[in-house]
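Asks: Sequence first, then the predicted structure:
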Amino acid sequence: MNHIKVNLPEDEDAYQSGNGEGVWVIVDDETKKLHDDDKENIIAKGILDNDSWYYQGLYAGVEISFELRGKNRPVVSYQWLRENYGEADKQAAIEYVLSQNKQ
């Protein structure tokens with residue numbers, strides 16, 4: 001089983017720059033090799049291995065597609081995220097984490 005880190009952008013600007021919530025994705029040997037060889041402009045698939053903090057309902061076990069971006073971290077399409085899971089709620093995720101740290 002291979003894991004790579006993939007970003008879930010919170011908006012279109014984050015998608016373009018490659019920023020976002022980092023999540024672990026399970027990939028096959030071929031995808032892992034493409035990733036490790038810094039291949040670019042390739043759409044690959046994998047299985048999300050942890051729940052998203054930004055996107056309600058995006059849980060471990062969901063198959064996601066992402067774009068390999070060479071030396072930069074792969075990124076999931078913002079359009080796909082928005083169509084399937086609505087707007088990202090980064091602020092709610094931050095507030096939850098901060099509230100847990102106060103306990």
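Replies: Structure received.
Asks: When you work out contacts or count neighbours from here on, use the C-alpha atoms and nothing else.
Replies: OK.
Asks: Nearest residue to K39 in space, please, no chain neighbours.
Replies: Computed as CA to CA, 6 or more residues apart in numbering, the closest residue to K39 that is not its neighbour in sequence is G70, at 4.7 Å.
Asks: gap between the one you found and Y15?
Replies: Distance, G70 to Y15, by CA to CA, to the nearest Å: 15 Å.
Asks: tell me the contacts of Q100?
Replies: Residues counted as contacts of Q100 (CA atoms under 8 Å, 6 or more residues apart in numbering): none.
Asks: Please identify the helix or strand for it.
Replies: helix 90-101 (DSSP states H and E).
Asks: Centre of the chain to stretch 38-54, how far?
Replies: 5 Å (CA atoms, centre = their mean, to the nearest Å).
Asks: same question for that stretch, mean pLDDT?
Replies: If you average the pLDDT over stretch 38-54, you get 96.
Asks: Tell me the buried residues in the strand or helix carrying I42?
Replies: If you go by DSSP H and E, I42 is part of strand 40-48. Neighbour-count burial for strand 40-48 flags 44-48 (criterion: 16 or more other CA atoms under 10 Å).
Asks: Tell me the spacing between S65 and L98.
Replies: 31 Å.
Asks: out of those two, which sits in the busier spot?
Replies: Per other CA atoms under 10 Å, whichever of S65 and L98 has more neighbours is S65, with 18 against 11.
Asks: Just the buried positions in the strand or helix carrying the more buried one, please.
Replies: Using DSSP H and E, S65 falls within strand 63-69. The neighbour-count criterion (16+ other CA under 10 Å) identifies 64-69 as the buried residues of strand 63-69.
Asks: Just the C-alpha atoms of it, please, in PDB.
Replies: Taking C-alpha atoms only, strand 63-69 is exported to PDB below (Å, rounded to 0.1, in the frame of the first residue of the first chain):
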ATOM      1  CA  GLU A  63     -12.100   7.700  -4.600                       C
ATOM      2  CA  ILE A  64     -10.600  11.000  -5.700                       C
ATOM      3  CA  SER A  65      -8.900  12.200  -8.800                       C
ATOM      4  CA  PHE A  66      -5.900  14.600  -8.600                       C
ATOM      5  CA  GLU A  67      -3.400  16.300 -10.800                       C
ATOM      6  CA  LEU A  68       0.300  15.400 -10.500                       C
ATOM      7  CA  ARG A  69       2.300  18.600 -10.500                       C
END
